[in-house]
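Undergrad: Got a predicted model here, sequence first, then my questions.
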Amino acid sequence: QVQLQESGPGLVKPSQTLSLTCTVSGRSLTSAAYHWSWIRQLPGRGLEWIGYIDFSGYTYVSPSLKHRTLISRDTSKSHFTLHLNSSTPEDTAVYYCAAGSRWPDRWSENWGQGTQVTVSS
């Protein structure tokens, strides 16, 4: 069973980089065909998929966020990270990480519990 746990600061100042880590257990980040995603839920809105890093290290980010988003990983620590630059209050959301054994039809088989991030001065 894949387990995921998000961690990071709950409060970020505007213009700073929002950085979150997802620690994975039960499956290697390099397991064949696996994709590791970041998703967020903005207040009063539905889920927004941010991007993924796959088993090979390839990343794909939503076009709307691509210009200020980096997803990376540290396989030795079994975690992957989200860096969202130039944050604004509109980035306030609950952030989730998820794992899937196949893209795209099984992209979100397992989820972390989510972490609230507020962007405010």
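TA: Cool, got the structure.

Undergrad: how near is Gln3 to Arg27?
TA: 9 Å (CB to CB, to the nearest Å). Every residue, glycine included, has its C-beta placed from N, CA and C.

Undergrad: more crowded one of those two?
TA: Arg27 (18 against 14; other CB atoms under 10 Å).

Undergrad: buried stuff in stretch 1-11?
TA: 2, 4, 6 (16 or more other CB atoms under 10 Å).

Undergrad: Check stretch 46-56 too.
TA: Those would be 49-55, for stretch 46-56 by 16+ other CB under 10 Å.

Undergrad: what mean pLDDT does it have?
TA: Averaged over stretch 46-56, pLDDT sits at 96.

Undergrad: got a list of what the residue nearest to Ser120 when sequence neighbours are not counted touches?
TA: Leaving aside its sequence neighbours, Ser120 sits nearest to Pro89 (CB to CB, 6 or more residues apart in numbering; 6.2 Å). Pro89 makes contact with 14, 119-120 under the criterion CB atoms under 8 Å, 6 or more residues apart in numbering.
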